[in-house]
Every structure is written in structure tokens, then in C-alpha cells.
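> No sequence on hand, only this structure:
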């Protein structure tokens, strides 16, 4: 047989998690635990701090790069 090709696919989503949970509940009913349901698809959660006047976009890029490296999502 030929060489085996290992493919890993990662998705990075930027979402309002509470709003997404609300959409799941609206679609599947109030009886479903939306947070538990979404855990099937979302393995890593990152909560960004509230935007302030002192927030620097470069700092956020560095923080995100550090997290991606820590979770070995991308080889840097």
C-alpha cells in the first residue's frame, strides 16, 4: 500500500459562547445542556479580557501565539 497521510485539522473560532449556547438551546430545546453539547466540538476555551483603552492589539497577538504554541496547535 502507499504511504499513509496523517492530516490534522484545527479550527479557531471567535464566538460569543453564551450566544452560541442560546442558539443551541433554541434549536434543540431547553432540555438540552447547551454547554455540554458544545464540548463535543470545542476542546479549548480562551476568554479574552474586556476591551480597555490600555489594551494593545500587539499584546493580544502575542498572548494568542503563546497559547497556540502551548497547546501545540501550530508549529512555530
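Thanks, I have it. Just so we're clear, the structure is a prediction, and the values are computed from it rather than from any experiment.
> quick one: low-confidence ranges for the chain?
The chain contains residues with pLDDT under 70 at 1-3, 48-58, 73-76.
> Domains in it, by residue range?
Per automatic domain parsing, the structural domains of the chain span 1-45, 50-76.
> Which residue ranges of the chain form helices?
17-28, 34-38, 57-70 (DSSP state H).
> buried ones in the longest one?
When burial is assessed from 16 or more other Cβ atoms under 10 Å, helix 57-70 yields the following buried residues: residue 68. All C-beta atoms are positioned from the backbone trio N, CA, C, and that covers glycine.
> and the nearest residue to residue 64 once chain neighbours are set aside, how many neighbours?
Excluding its sequence neighbours, the residue lying closest to residue 64 (Cβ to Cβ, 6 or more residues apart in numbering) is residue 46, at 7.7 Å. If you count neighbours by other Cβ atoms under 10 Å, residue 46 ends up with 11.
> And for residue 21?
Neighbour count of residue 21, defined by other Cβ under 10 Å: 18.
> In this structure it contacts residue 34, no?
Yes: using Cβ atoms under 8 Å, residue 21 is in contact with residue 34, at 3.8 Å.
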